[in-house]
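J.: turn this into a model:
(chains A and B)
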Amino acid sequence: MALSTERESVARTLFVAAAVALVCSVMVTAAVFYLRPIQAVYANVERNRAVIMAAGGTSILASDSEVVEAFFQLEASVFDLATGVALVSTNAHTYNYWQGLPDTEPAYLSVFLKIDKGKLSRVILPIHGKGMWSTIYGFLALQSDLNTIASLVIFKHGETPGIGDKILNPEWLSSWEGRQVADEDGVIRITVSKDSTPMLEQYQIDTITGATVTSEAIGRIVRRMLGPGAYTEIIGALHKDWSRYFEIDIKTG
Amino acid sequence: MNFFKYLSDPLINENPVMVQILGLCSALAVSRSMEPALIMAMSVIAVLVFSNVVISLLRSVIPRSIRLILEVIIIASAVIVVDELIKTFAVEVSEYLSVFVGLIITNCIILGRAEAFALGHGPLDSFADALGNGLGYAFVILIVSAARELLGAGSLFNVNLLPLLEDGGWYRPNQLMLYAPSAFFLIGFLIWGVRSMHIFQVNKSTHRLPRHL
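T.: Down below sits the predicted model:
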C-alpha cells in the first residue's frame, strides 16, 4: 500500500501525537477538575448518611435532602481527644474529622448527640482504625447510659471483597446492639472473640466465620476508640454533664 | 440508507458479542445484576460513540505508524471521563463497577470498531456503527444479567419478583447464576438460539464470516 509520505513524515507524526495527547489531557483534566468538588459533596452526604443511620433515624434509602436535614438536627461538638474539652468555635457539623487519615491520627473528633424531647437518646462517635489491609471508618452509637451499644455502622473499608467485607453483614452488625462496653469498675470489656466466656456474654460479639481477622479488627478498633487517648475523657465529661458541651436549650432541665 | 444498515446490522446479524465473540470479559464480569449491567452498557456506548466519531474525524490526519497508540489515547481519555462521571453520579454502583469501567479501554469491541470501521468511514456512518455495536453489546449483557439476577437472586433491578425461600417464599435462588461461568452458558445459549433462527438470513446477506461459523 502506498503511504502518503507527507502524512508519515517524522515531524508530522510528532505533531499529531503531541496535539492528540494535549487535547486528551485537557479533556481529562477538565472532567476531574469540575467533577471532584461534586464528588466531595456527595461523599459528605454519604458520610452523614452513616451518622444518621447510627443515630437510628433513617434508612439507607433516604434521599440526600432527608439525610442533610436529619443530620443537622443532631447536636454536634468537636472535642479535643487529649483533654476532653469541646472546641466551641468550630462548626462540628461541617468539620472534616477524618481529614488527616490514614497518615495522621486526628487530634479532634466530632461527637454527635441525638436528643429526644430534651433528653439524651444516643451519642454517635466516629471510629476508625486498621483492619486487615485497610483503614476502616465507621460510627458507633451509644445509648444514653454511655455504656450500652445502640448500633454500629461501617462507613468505608478496603477489606477483601467477598471475605473481609462480611463485616457489612447486617445480622453481624446488629449483634452489637445492646452489648455493654465496660463493667461497673470502668474496665473496657467489649471484645470480638471466637470463644464465649460464661458471665461475660454481654461484652462479647462473635467473630465472623471466614472474616476472623477483619471482624476481630473491628473489636480492636472499638476498644481502642473507647479507651484512653481517644474517647475516654470525652465520655467521662459527657457522663457528668453532657448538655454543657452542646449549645442546647433544654427547657425540661 | 447506509446509516440505518450500519446501525441495525450489529444488533443481531453482526452482533459484536454473539457473532464476533468480542467484549466477553466484561459481559461475564458485570452481568450479575441488571443495574451495573445497564450502567456498564451505557458507558460502553458513550465511549464507543465518542471514540469512533473522533477517530473517524481524524482518520486522514492520523499517521499509520502511530495509529494504534493514538486510538488507545482517545479511548482511554473517554473512559476516564466516563469513570469520573459514574463516580460522581452513581456512587454506589461505582464501587462495584469501578475496576471494570477502567477496563473498558481493553474492551475489544471499541478498538475493533475503531480499526475496522472508523478509520475508513465518515463520522456519520461511524456514529451509526458505534451506536449499533454499543446497543448490540447492551442487548446481550442486559438479557444475560436479567436471567442471572432473576434466577440467582429472584429480582430485577434489585426489586424482588420471586419470593425467596429464606423470606418465606417458594423460590430457592440458583447460586451458580451468581458466578461468572453462568454467563458463559447463557451467552452460549443465546448464540445457539440466534444462529438457529438467523441461519437463513445470514446466508442470504453479504456476511463475510466463513460459513462454518
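
J.: lowest-pLDDT helix or strand in chain A?
T.: Of all helical and strand segments in chain A, the minimum by mean pLDDT, DSSP states H and E falls on helix A:5-8, at a mean of 72.

J.: buried residues in it?
T.: For helix A:5-8, the neighbour count (16 or more other CB atoms under 10 Å in any protein chain shown) marks no residue as buried. Where you see a C-beta, it was placed from the backbone N, CA and C, and this is true even at glycine.

J.: got a list of contacts for that helix?
T.: Helix A:5-8 has contacts (CB atoms under 8 Å, 6 or more residues apart in numbering or on different chains) with A:12, B:60-61, B:63-65.

J.: can you rerun that using 6 Å?
T.: Helix A:5-8 has contacts (CB atoms under 6 Å, 6 or more residues apart in numbering or on different chains) with B:Pro63.

J.: what do you get for stretch A:84-104?
T.: A:76-79, A:106, A:109-110, A:126, A:128, A:135, A:233-234, A:237, A:245.

J.: now the strands for chain B?
T.: In chain B, the segments counted as strands under DSSP state E are B:155-156, B:159-160.

J.: is the last one positioned near chain A?
T.: Think strand B:159-160. No - taking CB under 6 Å from any CB of the partner chain as the criterion, strand B:159-160 and chain A are apart, separated by no less than 12.6 Å.

J.: tell me who's in contact with the closest residue to chain A within chain B.
T.: Taking CB to the nearest CB as the measure, the point where chain B comes nearest chain A is B:Ser77, at 3.9 Å. Contact partners of B:Ser77, counting by CB under 6 Å, 6+ apart, are A:24, A:27-28.

J.: try B:Ser33
T.: By CB under 6 Å, 6+ apart, the neighbours of B:Ser33 are B:Glu149.

J.: if I look at it, how far off is A:Gln99?
T.: 35 Å (CB to CB, to the nearest Å).

J.: residue ranges in the chain under the pLDDT threshold?
T.: Picked chain A for this. Low-confidence segments of chain A (pLDDT under 70): A:1-5, A:57-61, A:162, A:244-253.

J.: meant chain B, my bad for not saying
T.: B:1, B:98, B:199-213.

J.: quick check: residues of it near chain A?
T.: Going by CB under 6 Å from any CB, the residues of chain B near chain A are B:61, B:63, B:66, B:70, B:73, B:77, B:80-81, B:84, B:87-88, B:91.

J.: got the residue ranges for the helices in the stretch 101-250 of chain A?
T.: A:170-174, A:212-226, A:232-241 (DSSP state H, counting those that start in this stretch).

J.: what does the first one rub up against?
T.: Yep, that's helix A:170-174 we're talking about. Contacts of helix A:170-174 (CB under 6 Å, 6+ apart): A:152, A:208.

J.: and for the second one?
T.: Outside of helix A:212-226, the residues within contact range by CB under 6 Å, 6+ apart are A:127, A:129, A:131-132, A:159, A:164, A:167, A:181, A:188, A:190-192, A:207-208, A:231.

J.: how far out from the middle of the chain is that helix?
T.: For helix A:212-226, the separation from the chain centroid amounts to 14 Å (computed by CA atoms, centre = their mean, to the nearest Å).

J.: only alpha carbons, please: show that helix as PDB.
T.: Output in PDB follows, covering the C-alpha atoms of helix A:212-226 (Å, rounded to 0.1, in the frame of the first residue of the first chain):
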ATOM      1  CA  THR A 212     -12.000 -13.700  61.500                       C
ATOM      2  CA  VAL A 213      -9.200 -11.200  61.200                       C
ATOM      3  CA  THR A 214     -11.300  -8.300  60.000                       C
ATOM      4  CA  SER A 215     -14.100  -8.800  62.500                       C
ATOM      5  CA  GLU A 216     -11.500  -9.000  65.300                       C
ATOM      6  CA  ALA A 217     -10.000  -5.800  64.000                       C
ATOM      7  CA  ILE A 218     -13.400  -4.100  64.400                       C
ATOM      8  CA  GLY A 219     -13.400  -5.300  68.000                       C
ATOM      9  CA  ARG A 220      -9.900  -3.800  68.500                       C
ATOM     10  CA  ILE A 221     -10.900  -0.500  66.800                       C
ATOM     11  CA  VAL A 222     -13.900  -0.200  69.100                       C
ATOM     12  CA  ARG A 223     -11.900  -0.900  72.200                       C
ATOM     13  CA  ARG A 224      -9.100   1.500  71.200                       C
ATOM     14  CA  MET A 225     -11.500   4.300  70.300                       C
ATOM     15  CA  LEU A 226     -13.400   4.000  73.600                       C
END
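
J.: for chain B, identify the residue most remote from the centre.
T.: In chain B, counting by CA atoms, centre = their mean, B:Gly168 sits farthest out from the average C-alpha position, at 36.6 Å.

J.: any idea which residue is closest to the centre of chain B?
T.: In chain B, the residue lying closest to the centroid (CA atoms, centre = their mean) is B:Tyr137, at 2.8 Å.

J.: err, chain A, not the other one
T.: Mean-position check on chain A, CA atoms, centre = their mean. Result A:Gly138 at 3.3 Å.

J.: ranges for the strands of chain A?
T.: Using DSSP E, strands in chain A cover A:75-80, A:86-87, A:108-116, A:119-130, A:135-143, A:149-156, A:191-193, A:204-206.

J.: for those, which one sits closest to B:Glu115?
T.: strand A:149-156 (40.9 Å; CB to CB).

J.: so that closest one versus strand A:135-143, what angle?
T.: 160 degrees (axes from the mean of the first three to the mean of the last three CA atoms, to 10 degrees).

J.: tilt between strand A:149-156 and strand A:108-116?
T.: Inter-element angle recorded for strand A:149-156 and strand A:108-116: 130 degrees (by the same axes, to 10 degrees).

J.: strand A:149-156 - contacts with which helices or strands?
T.: Contacts defined by 3 or more CB pairs under 6 Å, 6 or more residues apart in numbering or on different chains; DSSP states H and E place strand A:149-156 against helix A:10-54, strand A:135-143.

J.: point out the most buried one among the ones you listed.
T.: Stretch with highest mean neighbour count among the helices and strands packed on strand A:149-156: strand A:135-143 (a mean of 21; mean count of other CB atoms under 10 Å in any protein chain shown).

J.: in the longest helix seen in chain B, which residues are buried?
T.: In terms of residue count, the longest helix belonging to chain B (DSSP state H) is helix B:123-153. By neighbour count on 16+ other CB under 10 Å, the buried set for helix B:123-153 is B:123, B:125-142, B:144-153.

J.: before we move on, what about stretch B:90-99?
T.: Those would be B:90, B:93-94, B:96-97, for stretch B:90-99 by 16+ other CB under 10 Å.

J.: list the contacts of it.
T.: Applying CB under 6 Å, 6+ apart, the external contacts of stretch B:90-99 come out as A:42, B:36, B:39, B:86-87.
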